[in-house]
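Peer 1: This is a predicted model, with the sequence first.
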Amino acid sequence: MDIKDINELSNRIIGIAIEIHKTLKSGFNDKIYQEALQTELKNNNIKFGREKIIKVKYKDKLLGEQRIDFIVEDEIILEIKSTKEIGNIHIAQILSYLKTLNKRLGLILNFGESKLGIKRVVNGL
């Protein structure tokens, strides 16, 4: 997928997330928004994986595993939050996922704010 396609997919995902936020508003936990997003991705025929396990290594030693919320079209990593604001720790988290999986774009979608919080995190684009 080229950069133009990735950006178009990113815009579609953001549009879906905005619609979910307009409907549900803020106040629910992450899992509620994840379920709504899963429903909408299916309804829009967008391929995704949910709660994908990634293995974290250090100098060829397996340190453990982490789960990412969504990977869309095997290109964009989504992290769903329901917090006061997107912080540096959230950005560092998704950047580490991007590097581990060798992906170029991640989106943090924060449903905890009065207006949907959106942060694009880029790895080498």
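Peer 2: Here it is on my side, so go on.

Peer 1: what sits against Arg120?
Peer 2: With contact set as CB atoms under 8 Å, 6 or more residues apart in numbering, Arg120 has these partners: 10, 105-107. In short, each C-beta sits where N, CA and C put it, glycine included.

Peer 1: Helix or strand: which one has it?
Peer 2: For Arg120, the host element (DSSP states H and E) is strand 117-122.

Peer 1: cool, and Glu19?
Peer 2: Element membership for Glu19 (DSSP H and E) is helix 3-24.

Peer 1: Can you say which two of the contacts of Arg120 are spatially most distant?
Peer 2: Put simply, by CB to CB the two of the contacts of Arg120 set farthest apart are Ser10 and Gly106, 9.7 Å from each other.

Peer 1: So between the two, which is more surrounded?
Peer 2: It is Gly106, of Ser10 and Gly106, that has more neighbours when counted by other CB atoms under 10 Å, with 25 against 19.

Peer 1: Helix, strand, or coil at that one?
Peer 2: Per DSSP: H, G, I helix; E, B strand; the rest coil, the local secondary structure of Gly106 is strand.

Peer 1: tell me the contacts of it?
Peer 2: For Gly106, the contacting residues are 76-79, 94-95, 97-98, 120-123, taking CB under 8 Å, 6+ apart as the criterion.

Peer 1: Need the phi and psi values for Asp2.
Peer 2: phi -90, psi 170 (degrees, to the nearest 10).

Peer 1: For Val121, see how far away it is.
Peer 2: Using CB to CB, to the nearest Å, we find Asp2 at a distance of 19 Å from Val121.

Peer 1: more neighbours, these two?
Peer 2: Higher neighbour count among Asp2 and Val121: Val121, with 20 against 7, using other CB under 10 Å.

Peer 1: OK, contacts around that one?
Peer 2: Under the contact definition (CB under 8 Å, 6+ apart), the residues listed for Val121 are 91, 94-95, 98, 105-108.

Peer 1: Pull up the gap between Glu19 and Val72, please.
Peer 2: 16 Å.

Peer 1: Between the two, point out the one with more neighbours.
Peer 2: Under the criterion of other CB under 10 Å, the comparison of Glu19 against Val72 puts Val72 first, with 22 against 13.

Peer 1: Alright, that wraps it up for me.
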